[in-house]
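*Asks:* Next come a sequence and a model predicted from it.
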Amino acid sequence: MITRIVWGLVTGTKTSLDGLILRLAKYYDDENWHLIGSKQKDEEKVIKFFHDTICHDMPMEEFKEMWDNEEIETPGGGTAIINQRNVEVVEVVYEESEDK
């Protein structure tokens, strides 16, 4: 279950995600953030991140075509996991209330 969704600034990962404000989620059993979305203007950098992480031996053009056709299987069910120390929350989109 998702407990929190935010837009967060990613820094210090030494990846193409650094400097991006991404849509991130936290789950009950995990203190880390999970990438669930990005702004359209940042999509190329997100695609580069997944290319460099899971298919770095594949030519980028081939990877991008497969990505666009939703033929790429990403680890973690299509998400990247980002350590909480590498995220500065910019905007809270959803936060589960304590009453639940």
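*Replies:* Now that the structure is in, tell me what you want to look at.
*Asks:* Can you show me the strands along this protein?
*Replies:* 2-10, 21-27, 30-38, 81-82, 87-95 (DSSP state E).
*Asks:* Nearest to Glu70, out of the ones you listed?
*Replies:* Of all the strands of the chain, it is strand 30-38 that lies closest to Glu70, at 15.2 Å by Cβ to Cβ. Heads up, the C-betas are built off the backbone N, CA and C, glycines and all.
*Asks:* Partner strands of that closest one, with direction?
*Replies:* strand 21-27 (antiparallel), strand 81-82 (antiparallel) (DSSP bridges).
*Asks:* highest average neighbour count across those?
*Replies:* For the strands paired with strand 30-38, average neighbour numbers computed from mean count of other Cβ atoms under 10 Å are highest in strand 21-27, which has a mean of 19.
*Asks:* related to what we said a few turns ago, include mean pLDDT and distance to Phe49 when you put the strands of the chain into a markdown table, please.
*Replies:* A markdown table is the format used below for the strands of the chain (pLDDT from 0 to 100; distance: least, Cβ to Cβ, whole Å):
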| stretch | mean pLDDT | distance to Phe49 |
| --- | --- | --- |
| strand 2-10 | 96 | 10 |
| strand 21-27 | 95 | 10 |
| strand 30-38 | 91 | 9 |
| strand 81-82 | 90 | 10 |
| strand 87-95 | 97 | 15 |
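*Asks:* Compare these and give me the one nearest Glu71.
*Replies:* Of those, nearest to Glu71 by Cβ to Cβ is strand 30-38, at 19.1 Å.
*Asks:* longest single helix anywhere in the protein?
*Replies:* Counting residues, the longest helix in the chain under DSSP state H turns out to be helix 43-54.
*Asks:* Can you list the buried residues in that helix?
*Replies:* Residues of helix 43-54 classed as buried: 45-51 (neighbour count, 16 or more other Cβ atoms under 10 Å).
*Asks:* Could you do stretch 51-64 as well?
*Replies:* Neighbour-count burial for stretch 51-64 [16+ other Cβ under 10 Å]: 51, 55, 63-64.
*Asks:* Nearest to Thr13, out of those: which one, please.
*Replies:* Nearest to Thr13 among those, with distances taken as Cβ to Cβ, is His51, at 15.3 Å.
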